[in-house]
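Chemist: Following is a predicted model, sequence given first.
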Amino acid sequence: MSLINKQWHLVSRPSGEASPDNFRLVEAPVPELQDGQLLVRHHYLSVDPYMRGRMNEGKSYAAAQPLNEVMQGGTVGEVAASKSDAYRVGDRVVGMGGWQQYQVVDGAQRGLLRKVDAAQVPLAAYLGAVGMPGVTAWVGLNTIIAPKAGETVVVSAASGAVGSVVGQLAKARGCRAVGLAGGPEKCRAVTEEFGFDACIDYRAHPDLKSLSAALKAACPDGIDGYFENVGGLILDAVLLRANAFARIALCGMIAGYDGAPIPMAAPQLLLVNRIKLQGFIVTEHMQHWPAALQELGTLVATGKLKYRESIAQGIEAAPEAFIGMLKGRNFGKQLVKLV
């Protein structure tokens, strides 16, 4: 009896906010393995903010997600069957298997899978703190912000999978870390669990004057580095408090993922303060991944890097988990557990 593989396909492009109607759950038989192939059974799949941009057809840094195909994304799992000399049954692997329960992979094709050790680091963490989000934090902080001990680093979406790692790495480098997050519960975790020096609840400061005043209080020496995940009002407030020669790592602008424009209130401050603002995509910095994964894996294995996960149960839950993540309903890394 052949295995049945449940898959989520993107069947339409959103107009404004993404909705469950943009997706369809499809069942397909798992094909028989050919020589050199292996079958991966996914344990967790990842949902990430960048996926929203890829659902659109317009120009972006990555090709648009094709319609009527498996929704693309990161996965971790184990080899369930193998006709490849490179992989054994039971090997734990991380890859880009997408929103589906199983994936057939050519074992000879490099870069599709990476074997991981789940004895020291939990398997799910390879999609979060020791995966793409963690490496994103590491690359943006170290290569763009390049913090020096004693400087102040501010992080938006500080309770999320990327932001929480940025602050902890900044603290390890001797910096003052200040986060922004939505709601008192998330802000409390940012300081008490993740070790930031302060956290601002942006929901309590809905206008530029109020948010700027809160940043001034939390950053008495100004802002030297800013890790940007959101854009909009938060970026405007940070620019008002930024020091001369501040550095901004532009990772995401979730404020505009539904297509709304994101104007800047005072872009002249970039010139006045000689600020470096650089956008980056972590997959264009593969030369840094080994060093990043080495440090992140060691920190997680030794309990020095803390992280949170929000876990939805079952393949059926993927679209709602994704939409909820875009609305900030998750806490930390959003995953869907399949096994």
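Modeler: On my side now, so go ahead.
Chemist: any chance you could map the strands in the stretch 151-300 of the chain?
Modeler: 152-155, 176-181, 198-201, 223-228, 242-250, 276-279 (DSSP state E, counting those that start in this stretch).
Chemist: What about Leu25? Give its phi and psi, please.
Modeler: As for Leu25, its main-chain torsions (degrees, to the nearest 10) stand at phi -90, psi 120.
Chemist: ok, for Gly231, nearest residue in space, not its chain neighbours?
Modeler: The shortest distance from Gly231 to any non-neighbouring residue, by CB to CB, 6 or more residues apart in numbering, is to Met253 (3.5 Å). C-beta: built from backbone N, CA, C; applies to glycine.
Chemist: Looks like that neighbour contacts Ile234 (just checking).
Modeler: No: taking contacts as CB atoms under 8 Å, Met253 lies outside contact range of Ile234: 10.0 Å.
Chemist: tell me, what's touching these two both at once?
Modeler: The contact sets of Met253 and Ile234 overlap at Glu228 (CB atoms under 8 Å, 6 or more residues apart in numbering).
Chemist: quick one, which of the two is more surrounded?
Modeler: Neighbours were counted for Met253 and for Ile234 using other CB atoms under 10 Å; Ile234 has more, 23 against 18.
Chemist: Relative to Ala217, how far out is the more buried one?
Modeler: Distance, Ile234 to Ala217, by CB to CB, to the nearest Å: 16 Å.
Chemist: Check whether Gln7 sits in a helix, strand or coil.
Modeler: strand (DSSP: H, G, I helix; E, B strand; the rest coil).
Chemist: got the contact list for it?
Modeler: Contacts of Gln7 (CB under 8 Å, 6+ apart): Leu25, Val26, Glu27, Ala28, Val70, Gly98, Trp99, Gln100, Gln101.
Chemist: next one: Asp221
Modeler: Applying CB under 8 Å, 6+ apart, the residues near Asp221 are Thr152, Arg176, Asn243.
Chemist: All the helices of the protein, residue numbers only.
Modeler: 50-54, 132-139, 163-172, 184-192, 208-218, 233-241, 268-272, 289-301, 318-326 (DSSP state H).
Chemist: Need the pLDDT of the residue nearest to Gly231.
Modeler: Predicted confidence (pLDDT) for Met253: 88.
Chemist: what's the answer for the one 4 residues further on, then?
Modeler: Here, the pLDDT recorded for Tyr257 equals 70.
Chemist: give the contact list for it.
Modeler: Counting by CB under 8 Å, 6+ apart, Tyr257 has contacts Pro49, Arg52, Gly53, Leu326.
Chemist: Out of the residues you listed, flag the one nearest to Asp197.
Modeler: Pro49 (25.5 Å; CB to CB).
Chemist: about what we covered before: with respect to Val89, which of the helices of the chain lies nearest?
Modeler: The closest of the helices of the chain to Val89 is helix 289-301. By CB to CB, the value is 24.2 Å.
Chemist: Which positions in the closest one come out as buried?
Modeler: For helix 289-301, burial by neighbour count (16 or more other CB atoms under 10 Å) applies to Trp289, Ala292, Leu293, Glu295, Leu296, Gly297, Leu299, Val300, Ala301.
Chemist: How many residues are close by Leu33?
Modeler: When neighbours are counted by other CB under 10 Å, Leu33 comes out with 16.
Chemist: Just give me the neighbour total for the nearest residue to it once chain neighbours are set aside.
Modeler: Spatially, and ignoring its direct neighbours in sequence, Leu33 is nearest to Lys83 (4.8 Å; CB to CB, 6+ apart). Each residue near Lys83 was counted by other CB under 10 Å, and the total is 14.
Chemist: contacting residues around Lys83?
Modeler: Lys83 is in contact with Leu33, Gln34, Asp35, Gly36, Gln37, Leu38, Gly107, counting by CB under 8 Å, 6+ apart.
Chemist: Tell me the pLDDT of the last one.
Modeler: I take that to be Gly107. In this model, Gly107 carries a pLDDT of 95.
Chemist: Over to it: give its phi and psi.
Modeler: phi -70, psi -20.
Chemist: wait, what's in contact with it?
Modeler: Per CB under 8 Å, 6+ apart, neighbours of Gly107: Gly36, Gln37, Leu38, Ser82, Lys83, Ser84, Asp85, Ala86, Tyr87, Leu113.
Chemist: Buried among those? Need that as a selection in PyMOL.
Modeler: In PyMOL, a selection of the buried entries from these looks like this (16+ other CB under 10 Å):
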select buried, resi 37+38+82+84+87+113
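Chemist: Looking at the contacts of Gly107, which is nearest Ala124?
Modeler: Among the contacts of Gly107, and counting by CB to CB, the member closest to Ala124 is Leu113, at 16.7 Å.
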